[in-house]
Every structure is written in structure tokens, then in C-alpha cells.
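>>> what follows is a protein structure lacking sequence information:
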């Protein structure tokens with residue numbers, strides 16, 4: 001049986017990983033994880049408070065058609081989405097979310113994080129489990145904007 005984690009569960013786990021963050025950021029994470037009704041969590045400031053870069057480091061991006069789309073690792077890693085010369089980071093590669101003309105990066109593809117109406121945006125896989133969708137869409141609380149990941153250069 002495949003386990004999935006809800007965004008509040010992830011935030012709860014991240015709360016304990018906020019060492020070095022301000023007390024305000026820790027309180028903000030606790031309120032969002034436990035208390036708070038509907039919260040819009042699709043902004044960079046919110047992800048920053050939750051330590052997005054630390055949370056996704058070492059994770060992977062996988063298309064909902066099963067295609068591996070890269071790792072969230074150092075740009076020196078061949079499989080990194082940040083390696084602009086690799087198969088998953090090049091703007092010219094068929095398996096890159098950064099290829100604006102490709103199936104996984106195009107504005108009109110159902111598998112692209114850059115199509116705000118995509119039926120099947122890629123998944124962020126953390127610890128072997130789907131953690132969130134990668135999408136520019138503001139619909140749904142479990143979406144991470146792909147440009148927020150660009151701020152996570154490892």
C-alpha cells in the first residue's frame with residue numbers, strides 16, 4: 001500500500017526541522033499545521049517559513065505518466081533539475097520541466113507544472129512518497145510553484 005502525506009502532516013514534520021529559524025517562523029508553521037482552517041500555502045514566503053528548500057532537498061520530480069523528471073540536488077549532479085546541461089535541467093531536453101516547448105514544461109501540456117489548468121501536473125516525491133504537486137496553479141493547497149524550487153540551489 002502506498003502512503004501519502006497530507007500537507008498539514010508535512011508541515012508538522014517540518015516544524016521540528018526549523019532549527020535556526022526565528023520563533024515567529026516556528027509559530028507560523030505551527031498555526032498553519034494545526035490551527036488554522038484554510039490557508040493559502042502557495043506563496044514563496046509561506047514555503048520559506050516552512051523551510052521548503054530543506055524539505056525537498058534530495059527529493060525527485062516524477063510525471064503522473066510515470067516519467068522521472070529529475071532530482072532536487074546539486075547542479076553538479078547529472079540528474080539534478082538544476083543542472084542546465086543534464087537531461088532533467090536543460091531547457092532543450094524532452095525530460096525537463098524547463099523545456100517550454102516540451103511535454104513536461106510546456107504551457108499547454110497536461111503534464112506540465114507551467115499549465116495552470118493541467119490535469120496531471122508532476123509530483124514532488126519526498127522520502128519515496130508523493131508530497132505535493134508541482135504547479136503554477138493557485139488551486140489546491142498542496143501545490144509548490146516550480147519557480148520557488150529555483151530558489152533552492154544546492
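Nice, I can see it. Keep in mind it's a predicted model, so treat the numbers as computed, not measured.
>>> switch to C-alpha atoms for all contacts and neighbour counts from now on
Noted.
>>> please enumerate the strands of this structure.
For the chain, applying DSSP state E gives strands covering 60-62, 68-71, 123-126, 129-134, 143-144.
>>> of those strands, flag the one that's most buried.
Most buried of the strands of the chain by mean neighbour count (mean count of other C-alpha atoms under 10 Å) is strand 143-144; its value is a mean of 26.
>>> before we move on, back to that, now tabulate the strands of the chain in a markdown table and tack on distance to residue 113 and mean pLDDT.
Formatted as a markdown table, the strands of the chain follow (distance: least, C-alpha to C-alpha, whole Å; pLDDT from 0 to 100):
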| stretch | distance to residue 113 | mean pLDDT |
| --- | --- | --- |
| strand 60-62 | 11 | 97 |
| strand 68-71 | 11 | 98 |
| strand 123-126 | 9 | 94 |
| strand 129-134 | 5 | 92 |
| strand 143-144 | 9 | 88 |
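>>> save the ones you listed as a markdown table, and put in distance to residue 89 too.
Formatted as a markdown table, those follow (distance: least, C-alpha to C-alpha, whole Å):
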| stretch | distance to residue 89 |
| --- | --- |
| strand 60-62 | 11 |
| strand 68-71 | 8 |
| strand 123-126 | 15 |
| strand 129-134 | 15 |
| strand 143-144 | 18 |
